[in-house]
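Enquirer: Could you look at this predicted model? Sequence included:
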Amino acid sequence: QQQVRQSPQSLTVWEGETAILNCSYENSAFDYFPWYQQFPGEGPALLISILSVSNKKEDGRFTIFFNKREKKLSLHIADSQPGDSATYFCAASTNTGYQNFYFGKGTSLTVIP
Amino acid sequence: EAAVTQSPRNKVAVTGGKVTLSCNQTNNHNNMYWYRQDTGHGLRLIHYSYGAGSTEKGDIPDGYKASRPSQENFSLILELATPSQTSVYFCASGDAGGGNERLFFGHGTKLSVL
């Protein structure tokens, strides 16, 4: 079954707005949640990540909010720019033994100038 | 800058043929991974490796083999390619530092099996 779910599948915002990308997971043992950004024709690249011991992580315009009890997290992109247009993948893994990352299906973000 | 290079970038193969996808990393990372990316499925793990000489099955290994002859190189082998293996394949290396591994991906190989 799908271990990591993302919504919406696609999102369009105006330049300057805050884009909110959602992610939920099934396995309570997951404790590390990276978000990857992928531009067309390229491989994914790590954008920002959070550990389950934290409920918030900020890096510039990008913020992850994490709710362990509800097994949900979200990526907020403040002051969205056209250059942020990409597909964003939420991933999850456990910190025991080897790390097997489970990826969501991605959210395609379009920022309109 | 970490670098993962995949070859070829595009490949057209015939059903039943053998296909080898190659990956080279200059990061000196122990861990390497092969994923496939399909619309509606995201990234799915095929095989991975902890170091030279090791290969392990991921979540969808059927129809694929892997080879890790050295720290730098990790290959994915399709012995008998099928149309269902048409996909974009990504290789990644991982800096498994303290368990919060960061994956560095290549640009991908687009494989079409006709």
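Expert: Sure, I can see it. Numbers count the residues shown, from 1 in each chain, chains lettered A, B, ... in the order given.

Enquirer: Thought A:Pro34 was touching A:Tyr88, still the case?
Expert: No - with contact defined as C-beta atoms under 8 Å, A:Tyr88 does not reach A:Pro34; the gap is 11.0 Å. Backbone N, C-alpha and C define where each C-beta goes, glycine included.

Enquirer: so what's in contact with these two at the same time?
Expert: A:Leu47 (C-beta atoms under 8 Å, 6 or more residues apart in numbering or on different chains).

Enquirer: Return the set of residues that bridge with the closest residue to chain A within chain B.
Expert: Residue nearest to chain A within chain B: B:Phe105 (3.0 Å; C-beta to the nearest C-beta). With DSSP bridges as the criterion, B:Phe105 is bridged to B:Ala92.

Enquirer: count of residues packed around it?
Expert: 23 (other C-beta atoms under 10 Å in any protein chain shown).

Enquirer: try the one 3 residues further on
Expert: Applying the criterion other C-beta under 10 Å, we find 23 residues in the vicinity of B:Gly108.

Enquirer: Would you report the backbone torsion angles of it?
Expert: phi 100, psi 150 (degrees, to the nearest 10).

Enquirer: Report pLDDT for it.
Expert: On pLDDT, B:Gly108 comes in at 96.

Enquirer: try B:Ala2
Expert: The model's pLDDT for B:Ala2 equals 55.

Enquirer: and what of the one 3 residues further on?
Expert: Confidence per residue is given as pLDDT, and for B:Thr5 that number is 96.

Enquirer: Start and end of stretch B:59-68, how far apart?
Expert: 18 Å (C-alpha to C-alpha, to the nearest Å).

Enquirer: wait, what's in contact with residue 89?
Expert: You didn't say which chain, so I picked chain A. Counted by C-beta under 8 Å, 6+ apart, A:Phe89 has contacts A:Gln6, A:Trp35, A:Tyr36, A:Gln37, A:Gln38, A:Pro44, A:Phe103, A:Gly104, A:Gly106, B:Gly42, B:Leu43.

Enquirer: Correction: the question concerned chain B.
Expert: B:Gln6, B:Leu21, B:Trp34, B:Tyr35, B:Arg36, B:Gln37, B:Ile46, B:Leu76, B:Gly108, B:Thr109, B:Leu111.
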